[in-house]
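S.K.: I would like to see how this sequence folds:
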Amino acid sequence: MITNQIVAIDTGGTFTDVVAIDVSGRVLSSTKVPTTPEDPADGIEIGLREVTNGSVDALLYGTTTATNALLQRKGARTALLTTSGFRDLLQLRRQNRPSLYDWFATMPPPLVPRDRCFEISERIAPAPESRRPLDESQARLVVEQVRASSVQSVAISLLHSYKDGSHEQRLAEIINEVLPDIDVSISSEILPEIMEFERTSTTVANAYLSPIMKDHLRRLVPRLRAGGWLAPLYLMQSNGGLGSAEVAAERAVQTVLSGPAAGVVGGVAATGRSSKSNFLTIDMGGTSFDVAYVANGTAAVSRETTVAGLPLAVPSLDIHTLGAGGGSVAWVDPGGVMRVGPSSAGSRPGPACYGRGGQLPTVTDANLLLGRLGGDLLGGRLQLDRDAAAHAVERHLARPLGIDVIDAARGVVTVVNAAMAKGMYLMSVARGRDPRSLAVVGFGGAGPLHACELATAIGCDEVVIPALPGTTSAIGLALAPVRRDATQSVLAPLRHLDTGFITSVFSDLGYRVMTDLVLQGISADEVRFDAFGRFCYEGQRYQIDVPIPSSEHWAPGERLSGNFDSVIATFEIIHSARYGYIRPEPLVVFSLGVTGTAPPTASRLTTVRLADSGHPPVSASRQGHRERLVWFGTDSYRAVVADRAELVPGESLHGPAVIEQADSTTVLPPGWAGEADVHGNLILRSLS
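M.R.: Purely as a prediction, here's the structure:
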């Protein structure tokens, strides 16, 4: 796919990061430019012009388009077509509550209200006598009702379409005949699995998001082509792999965690020199804070996630996200308690200290007042206004709380750290993982500012800061493989299935995956296949993914070997670790799946050195470390201020210290020490 140079683009809520990389993993140039929320293509074009001359072989893109549309409820006006008797499925949901003892907890409203949910006379069923053919005349009347509802998109989710999608496909054909300009998403293509609520919720989300993604790409791609960037465009998916722009447009629900997933992939690349084998990656940007767990170089994957209160049953890296970033606004609630976030100042106007009209205090303003940030960002391209930060903090925090400005700034950092530490706790202790055995990988523009204090808060004693923390998500795009997942529901006891049947299912899925990847420009002989099964005990609601060991060198059409004893053993190990017990009952195969991946675009990116980044050092020549007053807790210190580009591999630095570079700033609190490794990563360790 790649022969010369690639460009990775990560659009966040505050900054758009653009990195040009060659296939040996060498960063040729990089930049951070303010995101342009009214049209992200504006910021992307500015960044591309700074790092390229237009001759690139691939464009890799991480975007928050789908995420923001869900969070802000700004998707397409959508209708749902479902089997007669199931019109209220989205309203009924599952009967579990987000908080078991909160009787007043409310769920977010469905993306499609009841008056745009329509019933179709049909039934797919295993027994011929209970099967009801699709009533096409009634279906056409329903399509006329859909026309009258003035929708932009239609989701079709019939009761048993995971078993047979023919009724859904015919319905889609009828809609395309009558309403050719309407987007249609069908559940037998989006998620051909049992569990009608999750399947319907996911299909509705895809229908809700696809017109938005298509519109975004229709505006972005011509801008790229007009600017001379003619290379194919691949978008990051929630599963940590890339997909073509065409796939992203049709399966927009798979891009909901696009940006955070790229960050996890990039963060994993920085872990090689750590003394630990398991990690928490933390990505703190301008608007959000994302936490993921990485074991032995592999990020955990979830088959079901929840975004904005909506269950989405798509493969996603297991990421916990909260509204805490450098631009998160600090405020005082009616009870006189300081809060931070979830609202963010974004890129426009941005924090008060950016001097772009922002009037509200943010985490960035607090860090500036505490001396943790210097007088500029982005290598001097963005000058910070300390007086504006002090005025915002004094007016909105210090005066209402009756404290001084420094105490208020300390409060902002304390409150936001507590929220982020809780997110890290949920991904470690709450999942049975001992944080003392983990290292923290901190990145994002603001992550290195808080990483050591967050590690201390949850009991970790080691922190890794990548060479280019501010653009780690963009770098992760270049490391990600092109990926496609396919699953099929089975729902049968394992003892009733022979190896031939299972091999047949895997082969069908494998050919489907391979065909899809070939259509995305991937050579068939580049694709690696991994087979897995989702298993549970009979009567269980939750399943466990177990890899099929004999699939390591398997290809569609080949017979899988083995009697699956090792699968049962692996299931019991995982079940015991997760739930604390195993049962003698036989296993049920809930579904089978195949993942196809093509080789990463830049497999040697872990060898990147800071000097290759294209960023200018903070100072033109080494004059020795400087010092400035920095607050930690209730005390102030004369902290060393070092230029990261000048740190020699193996050179140690003891806190309190601040390590500056163009794309981020690392804070080393008292009681911490660190050094740069030969790859440009900072390895920081607690001395206590």
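S.K.: what is the burial count for the nearest residue to G655 once chain neighbours are set aside?
M.R.: Of all residues not flanking G655 in the chain, L668 sits nearest, at 3.8 Å (C-beta to C-beta, 6 or more residues apart in numbering). Quick note: C-beta positions are derived from backbone N, CA and C, even for glycine. By other C-beta atoms under 10 Å, the residues close to L668 number 26.
S.K.: likewise F529?
M.R.: 21.
S.K.: could you check the pLDDT of it?
M.R.: Looking at F529, its pLDDT is 90.
S.K.: for the host helix or strand of it, name the packing helices and strands.
M.R.: Taking DSSP states H and E as the criterion, F529 maps to strand 528-537. Under the contact definition 3 or more C-beta pairs under 8 Å, 6 or more residues apart in numbering; DSSP states H and E, strand 528-537 sits against helix 499-519, strand 544-547, helix 565-579, strand 587-597.
S.K.: mean pLDDT added to the ones you listed, as TSV?
M.R.: Shown next, in TSV, are these (pLDDT from 0 to 100):
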stretch	mean pLDDT
helix 499-519	89
strand 544-547	89
helix 565-579	87
strand 587-597	92
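S.K.: just say which of these is most tucked in.
M.R.: Burial of these is given as mean neighbour count (mean count of other C-beta atoms under 10 Å); strand 587-597 ranks first at a mean of 23.
S.K.: that one vs strand 528-537, what angle?
M.R.: In terms of direction (axes from the mean of the first three to the mean of the last three C-alpha atoms, to 10 degrees), strand 587-597 departs from strand 528-537 by 160 degrees.
S.K.: V18 should be in a helix, yeah?
M.R.: No - according to DSSP: H, G, I helix; E, B strand; the rest coil, the state of V18 is strand, so it is not within a helix.
S.K.: which strand or helix spans the closest residue to it other than its chain neighbours?
M.R.: Excluding its sequence neighbours, the residue lying closest to V18 (C-beta to C-beta, 6+ apart) is G47, at 3.4 Å. Counting by DSSP H and E, the element that carries G47 is helix 40-51.
S.K.: can you check R484 too?
M.R.: strand 483-493.
S.K.: list of residues touching that strand?
M.R.: 162-163, 191-194, 237, 239-243, 315, 497, 505, 508-509, 512-513, 516-517, 520, 534, 538, 586-598 (C-beta atoms under 8 Å, 6 or more residues apart in numbering).
S.K.: likewise stretch 298-305?
M.R.: So stretch 298-305 is contacted by 198, 238-240, 256-257, 264-265, 268, 281, 292-294, 311-319, 534, 543, 545 (C-beta under 8 Å, 6+ apart).
S.K.: how about 7 Å then?
M.R.: With C-beta atoms under 7 Å, 6 or more residues apart in numbering as the test, stretch 298-305 has contacts from 198, 239-240, 264, 268, 292-293, 311-313, 315-318, 534, 545.
S.K.: hmm, back to that, isn't the residue nearest to G655 up against C452?
M.R.: Yes - if you go by C-beta atoms under 7 Å, L668 and C452 touch, sitting 6.4 Å apart.
S.K.: which non-adjacent residue is nearest I212?
M.R.: Using C-beta to C-beta, 6+ apart, the closest residue to I212 is A69 (4.8 Å).
S.K.: sorry, that was for F279
M.R.: Using C-beta to C-beta, 6+ apart, the nearest residue to F279 is V294, at 4.4 Å.
S.K.: using the three-state scheme, assign that neighbour.
M.R.: strand.
S.K.: just the pLDDT for it.
M.R.: Taking V294 on its own, its pLDDT is 92.
S.K.: and for it, the neighbour number?
M.R.: V294: 24 surrounding residues under other C-beta under 10 Å.
S.K.: for D164, see how far away it is.
M.R.: Between V294 and D164 the distance, using C-beta to C-beta, to the nearest Å, works out to 39 Å.
S.K.: how about the helices in the stretch 1-150 of the chain?
M.R.: Secondary structure of the stretch 1-150 of the chain by DSSP state H, counting those that start in this stretch: the helices cover 40-51, 65-71, 89-92, 136-148.
S.K.: next, format the ones you listed as CSV and append mean pLDDT.
M.R.: Compiled in CSV, the helices of the stretch 1-150 of the chain are given as follows (pLDDT from 0 to 100):
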stretch, mean pLDDT
helix 40-51, 92
helix 65-71, 85
helix 89-92, 90
helix 136-148, 95
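S.K.: any chance of those in CSV, with mean neighbour count too?
M.R.: Output for the helices of the stretch 1-150 of the chain, formatted as CSV (neighbours: other C-beta atoms under 10 Å):
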stretch, mean neighbour count
helix 40-51, 20
helix 65-71, 22
helix 89-92, 17
helix 136-148, 14
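S.K.: now distance to V640 too, for the ones you listed, in TSV please.
M.R.: TSV is the format used below for the helices of the stretch 1-150 of the chain (distance: least, C-beta to C-beta, whole Å):
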stretch	distance to V640
helix 40-51	31
helix 65-71	39
helix 89-92	57
helix 136-148	66
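S.K.: closest to I659 out of those?
M.R.: helix 40-51 (24.0 Å; C-beta to C-beta).
S.K.: for the stretch 551-688 of the chain, what spans make up the strands?
M.R.: For the stretch 551-688 of the chain, the strands defined by DSSP state E, counting those that start in this stretch occupy 587-597, 626-632, 635-643, 652-654, 657-660, 665-668, 672-676, 682-686.
S.K.: deepest of these, which one?
M.R.: Using mean count of other C-beta under 10 Å, strand 665-668 ranks as the most buried of these, with a mean of 25.
S.K.: who does that strand pair up with?
M.R.: strand 657-660 (antiparallel) (DSSP bridges).
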